[in-house]
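# Need coordinates for the below:
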Amino acid sequence: MSPVDITADDDKDRIPWVKEQLLTKGQAIFKSVYLTKDQVKVPVEVNAITIDLHGDQFIMAVVRDLSYREEFDNLLSAVEMKYRTIAEYNYDWEFWQTPERDFIYSSPSCERISGYDAGDFFGR
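The predicted model follows:
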């Protein structure tokens, strides 16, 4: 069995490119989709290099499971959207400052309360 055997069908069109990269550059870093024994698709990142071992050529690869990252990115996007909605529609003026007292966020309500646009508070 080889990595080609577990590559999802809709991702197999990348294989010629990977072979070309390995032949010409000796390395290929790419994202792919592998299939588990139960045919579950798993997004992965592959870092493959060619190595010479006692005169024989081999490909050494590290395959990293990205499914947790996709789940985390989706969760982070959902949380960010909730926060942004709350911040943008909050009646109160909310702002964040660094320890040096530079503004890094000012809600749109600042204009209603102070008369200044949110952008006026940056770069004092």
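# Does Gln92 touch Ser109 like I think?
Quick fix: residue 92 reads Asp, not Gln. Yes: the criterion here is CB atoms under 8 Å, and Asp92 meets it with Ser109 at 6.1 Å. Bear in mind the C-beta positions are built from the backbone N, C-alpha and C, glycine included.
# and the two? which has more neighbours close in?
The neighbour comparison of Asp92 against Ser109 (other CB atoms under 10 Å) goes to Ser109, with 18 against 9.
# so that one touches Ala87, yeah?
No: taking contacts as CB under 8 Å, Ser109 lies outside contact range of Ala87: 9.3 Å.
# just the helices in this protein please.
3-6, 15-25, 67-89, 109-114 (DSSP state H).
# and Lys19, what pLDDT?
Per-residue pLDDT puts Lys19 at 89.
# Tell me how far it lies from Asp65.
To Asp65, Lys19 is 23 Å away according to CB to CB, to the nearest Å.
# For Gly115, list the residues it contacts.
The contact partners of Gly115, by CB atoms under 8 Å, 6 or more residues apart in numbering, come to none.
# Tell me the span between the first and last residue of stretch 34-45.
Start-to-end span of stretch 34-45 (CA to CA, to the nearest Å) is 10 Å.
# Quick one: neighbours of the residue nearest to Ser114 when sequence neighbours are not counted, just the number.
In this structure, Ser114 finds its nearest non-sequential neighbour in Trp93, 7.3 Å apart by CB to CB, 6 or more residues apart in numbering. By other CB under 10 Å, 15 other residues sit near Trp93.
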